[in-house]
Each structure stands twice: as structure tokens, then as C-alpha cells.
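K.L.:
Give me the fold of what follows.
(one chain, ligands or ions: 1)
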Amino acid sequence: MRSFLLLCLSLYIVSAKHEIYDGYVVYEVYPNNVDEIQLLNDVVNELELDVWTYANLVKPGAIFVSEPKKVPFENAMKSAGIPCKATIQNIRELLELEDQQLAAATTSTRNLGSRLSLNQIYTFAQVTEYLADIARRFPRVTRLVNGGNSVQGRPIQYLEISTTGIQNSRKPIIMLQSLLHAREWVTLPPSLYAIHKLVVDVTESDLLNNYDWIVMPVANPDGYEWSRTNARFWRKNRRTGLMAGNICLGVDLNRNFNVNWGTASSSSVCSDTFHGRGAHSEPETQAVVNVLNRYRGRVAMYIDLHSAGSMILYGWGNGTLVPNALSLNLGGTRMAQAIDAVKWAQKPNYRVGNIVAILRYTASGGSSDFAQAIGIPFSYTYELPARLSSTGTNVFLVDPNFIRQAAIETWAGIVAGARHILNQI
Ligand SMILES: [Zn+2]
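P.N.:
Now for the predicted structure:
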């Protein structure tokens, strides 16, 4: 009887977990020209909407809209003459399906230590265990560092990987990071797989001879945990005390860096692109900044993994091309080609370019712009592929079958990039 009650309780918790998204709808929007794209962006800012995919002239945008904002949004689209249609209306069902699929694919929930499972998306606790075990088993080539604590006190850890001792100042460094945006779960396996390929199953030893590596798999631990336990589509960190009663909370960490801070982001706490009370106000941002500053002059390539859209992007976020845009484009193209060569046939090819040229919207305070600004020559934002869906644009949910593929193909891109830039740094 007791176990029956527990079962009922756990089923109830599972089904109640996604209730907060009842009434939400994903709209696809089809602006016809750049003026309409601008109008759309204005509406998004005014209504503080959550953009899942930015519209451009060849691809519709996807906007996630809560119940009370549906009518104002539809009216705004109507008066702007921008076609739009509601595509996903059964959010809770899709989330429950994701839960079931991920649970079914998970081969083992027990502690796997440093053995990496690519059938599942690790929890924060599992990542912590994985990193600790790697550091324990491979003390000669790894060092686990706590880069500071999150708002809620979780360690923001990164792994230093070096065959020659990380202090060798002649060796360039490649830094890789994921989950700065909490809901972009598919970005975690590629980071863990990079560690696996650099420490456990080394098949590209030139990458260790030529570089030291820094991998920060969970750059936003509080947000990530929140997205797993309470709100699947949470993007920001969990900073509270920003407004009375914490009606809205959280800072978009990828708008919080000190590069053109506050010029193309939101000053409203309720927005998903809220830039914070000041540049570098958040401990999670500071953790990244501290690593980049500590190894300033040595970090040759910085890759911040995001999702979604199959893109490799570079600065600046205001649309001005960075001085070395040509070499960034070449490096990005090499990486994209390497990914495309092994990608799933049904996924789109990667696109490479300046963030504004590709996405048609501006963004300030981004991590890769910051890295670029302090002199890291090859600073990129990856946007990993979206989940394909027959029900519409469905960008953040994870297909368990794609986890291994995401890891392998992203690694192929990183390897190609590392080899390409070697004679240019
Ligand atoms: Zn992101």
C-alpha cells in the first residue's frame, strides 16, 4: 500500500511539474522583410516575450508566449502585417514525453564515476561526480578547480587538462563551456565528451601536445537545476532580490558580460534577456571572466556552447565585424564543414557568420564578445542543432537518440578548429 501511494505521489509530481506551462503557445512568425523583423523585435521587447528562434528572411521565428500575452501578441502581429500561427499548444504533453524518453533511454542511474554515459543528460550531481572521478583517476593530466560559487552556493567547476602542467606559459589554451543558458541541455554532453576524448580515450594526441584545455560543463548550475526540477524552459541564473516579492528574478548571464553592456539587452527583470544590475554583477559571469583573465594571452580559442539552430557565430553582437572576422570566418567554416561531414542527414547544415548577419538581431554583454574584446583571437558561440519535430519549432527538448551524436559531431568541429588555428596563433 505504501509503495502504491508513493507511486501515485511520484506520478502526480511528474505530471504537476510542467503545469506552469499550461496555456503557453509557441508561435511561428514569418516576417517578410528586415523592417518587419525589426517590428517583431520591438514587439518582443515591449511584451517581454521569450524568443526560441530568431526570425530571418529564410526561416520563421519561434516565440514562446504565455496565456495572458497571447491576445496582445496576436494583435501586434496583425497590425504589423506579420503572418504568424500557433504551432505548439500541447507543451505539457511534449515535456512529459521528453521526461519519459530520457528516463527510458537512461541505462543506469547509479554512479558511473568517470565512465561517461551518452544515453542521458547528466544532472548537476552527476556532472560533479564525473568531474571528481576524472580528477581522481587522472591526477597527472587534470586538475579540478572551483571557479567560485553560484548565487545559491553551488560550485562552478572547471577542469584543467594538460600533459605538461597548466603553468607552461608557451602553450596555448582552448576553453570550452556549456550551460550558460540553463535550458540548453543538449550542450552538456559535448563538453563532457570533450573531457572524455582529452583524458580517457585519447585518439587525437596532437590536441594535447599543442594545447592545454579548460572545460566548464555547467556555467550556470542554479539555472540548470531549476530547469530540471521546476521550469524546463528556464534560461537565466537564479538571482533574487531584484524586485519586490521576487515576482521576476534571474539574470541572463549571456547579457551580463562587460562588453557594450546594456546596449542591446533588457533592463527589465521580467525579461529573459535581463542584463543584471551591472556588468559582471553575477558570480557565474565572474567565474568565466576570472578564468579568461587568469590565462589572458594564452587562450587561443574560446567556445561557448548554446542551442539551438546549427550555427557558429562570432562578433560583434552589435553587427560590426571584429577586426579578424576573416580568420574567424575561415576557422568557423572549417569547424562547420567537419560537423556537416558527420551530421545526421536530416539536420540542416551549419551556418557560419557574424551573429547579427546570421540572426538579424543584436545582443550585448555576450560571453564570446567579451572573450574577443580581451584579445582571445578565436571566440565563438556555437548553436547546436534543434530537435526536429513534426509539431513545429521545438528547439530545446532533447531527443535521447541525439545525445551521442551531438557529442561526437560537436567534438569533430572542435578538433577541426583546434588544428586549423594552430599555425595562426
Ligand atoms: Zn543560449
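K.L.:
Residue 26 is in what secondary structure piece?
P.N.:
Using DSSP states H and E, residue 26 falls within strand 25-29.
K.L.:
Do I have it right that residue 332 meets residue 314?
P.N.:
Yes: assessed by C-beta atoms under 8 Å, residue 332 is found in contact with residue 314 at 6.4 Å. In short, each C-beta sits where N, CA and C put it, glycine included.
K.L.:
who touches both of the two?
P.N.:
Residues touching both residue 332 and residue 314 (C-beta atoms under 8 Å, 6 or more residues apart in numbering): 353, 380.
K.L.:
before we move on, the earlier item: name the residues of the very next helix or strand once past the strand holding residue 26 that are buried.
P.N.:
Once the chain leaves strand 25-29, the next helix or strand it forms, by DSSP H and E, is helix 34-47. Buried residues in helix 34-47, counted by 16 or more other C-beta atoms under 10 Å: 36, 37, 39, 40, 41, 43, 44, 47.
K.L.:
out of those, who's nearest residue 347?
P.N.:
residue 37 (24.5 Å; C-beta to C-beta).
K.L.:
ok, the closest one to residue 249 distance?
P.N.:
Distance of residue 37 to residue 249, given as C-beta to C-beta, to the nearest Å: 30 Å.
K.L.:
that older thread, now what about the strand holding residue 26, what contacts it?
P.N.:
So strand 25-29 is in contact with 40, 52, 55, 60-65, 70, 73, 77, 82-89, 91, 392-394, going by C-beta under 8 Å, 6+ apart.
K.L.:
quick one: what helix or strand has the residue of the stretch 301-425 of the chain found nearest the ion in it?
P.N.:
Residue of the stretch 301-425 of the chain nearest the ion, by C-beta to the ion: residue 306 (3.3 Å). Here residue 306, judged by DSSP H and E, is contained in strand 299-307.
K.L.:
before we move on, the earlier item: now the contacts of strand 25-29: which count as buried?
P.N.:
Among these, the ones that count as buried by 16+ other C-beta under 10 Å are 40, 52, 55, 60-65, 73, 77, 82, 84, 87-88, 91, 392-394.
K.L.:
how about the residues of this protein near the ion?
P.N.:
Listed as neighbours of the ion in the chain under the rule C-beta under 5 Å from the ion: 181, 306.
K.L.:
which residue is nearest the middle of the chain?
P.N.:
For the chain, residue 306 is the residue whose C-alpha lies nearest the centre (C-alpha atoms, centre = their mean; 2.7 Å).
K.L.:
pretty sure that one contacts residue 386?
P.N.:
No: if you go by C-beta under 8 Å, residue 306 and residue 386 don't touch, sitting 11.3 Å apart.
K.L.:
Filter the buried ones among the contacts of strand 25-29 down to just the ones in strands.
P.N.:
In strands, defined here by DSSP state E, the members of the buried ones among the contacts of strand 25-29 are 52, 61, 62, 63, 64, 65, 84, 87, 88.
K.L.:
Can you lay out those as TSV showing pLDDT?
P.N.:
Shown next, in TSV, are those (pLDDT from 0 to 100):
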residue	pLDDT
52	94
61	93
62	94
63	96
64	96
65	97
84	95
87	91
88	89
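K.L.:
related to what we said a few turns ago, what is the mean pLDDT for the helix or strand just after the strand holding residue 306?
P.N.:
Following strand 299-307 in sequence order, the next helix or strand is strand 311-314 (DSSP H and E). The pLDDT scores in strand 311-314 average 98.
K.L.:
Now do strand 311-314: which elements does it pack against?
P.N.:
Contacts defined by 3 or more C-beta pairs under 8 Å, 6 or more residues apart in numbering; DSSP states H and E place strand 311-314 against helix 325-342, strand 351-354, helix 355-359, helix 367-373, strand 378-384.
K.L.:
any chance of those in CSV, with mean neighbour count too?
P.N.:
As requested, the helices and strands packed on strand 311-314 are exported to CSV (neighbours: other C-beta atoms under 10 Å):
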stretch, mean neighbour count
helix 325-342, 19
strand 351-354, 20
helix 355-359, 20
helix 367-373, 25
strand 378-384, 26
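K.L.:
ranking these by mean pLDDT, which is last?
P.N.:
Set side by side, these differ in mean pLDDT, and helix 355-359 is lowest with a mean of 92.
K.L.:
And the contacts of it?
P.N.:
Contact with helix 355-359 is made by 54, 56, 311, 313-319, 351-352, 362-363, 366, 381, as judged by C-beta under 8 Å, 6+ apart.
K.L.:
if we go to 6 Å?
P.N.:
If you take C-beta atoms under 6 Å, 6 or more residues apart in numbering as the criterion, helix 355-359 is touched by 54, 311, 313, 317, 319, 351, 362.
K.L.:
and it, how far from the chain's centre?
P.N.:
Centre-to-centre, helix 355-359 and its host chain are 17 Å apart (C-alpha atoms, centre = their mean, to the nearest Å).
K.L.:
can you count the residues close to the nearest residue to residue 382 once chain neighbours are set aside?
P.N.:
The shortest distance from residue 382 to any non-neighbouring residue, by C-beta to C-beta, 6 or more residues apart in numbering, is to residue 305 (5.0 Å). The burial count assigned to residue 305 is 28, neighbours taken as other C-beta atoms under 10 Å.
K.L.:
tell me the SS of residue 413?
P.N.:
Of the three states, residue 413 takes helix according to DSSP: H, G, I helix; E, B strand; the rest coil.
K.L.:
Same question for the one 10 residues further on.
P.N.:
When the structure is split into helix, strand and coil by three-state DSSP, residue 423 lands in helix.
K.L.:
Which residue ranges of the stretch 51-200 of the chain form strands?
P.N.:
In the stretch 51-200 of the chain, the strands defined using DSSP state E, counting those that start in this stretch lie at 61-65, 84-88, 142-149, 155-161, 173-178.
K.L.:
which one of the ones you listed lies closest to residue 425?
P.N.:
So among these, strand 173-178 is nearest, using C-beta to C-beta, at 10.3 Å.
K.L.:
Which strands and helices lie in contact with the closest one?
P.N.:
Applying 3 or more C-beta pairs under 6 Å, 6 or more residues apart in numbering; DSSP states H and E, we find strand 173-178 packed against helix 188-195, strand 212-216, strand 299-307.
K.L.:
Assess the claim that residue 246 and residue 239 are in contact.
P.N.:
No: in this structure residue 246 lies outside contact range of residue 239 using C-beta atoms under 6 Å: 9.7 Å.
K.L.:
more neighbours, the two?
P.N.:
Ranked by neighbour count (other C-beta under 10 Å), residue 246 and residue 239 place residue 239 first, with 25 against 13.
K.L.:
and the more buried one, what does it touch?
P.N.:
Taking C-beta under 6 Å, 6+ apart as the criterion, residue 239 is in contact with 151, 250, 251.
K.L.:
Make sure it is indeed in a strand.
P.N.:
No: the assignment for residue 239 (three-state DSSP) gives coil, which keeps it out of a strand.
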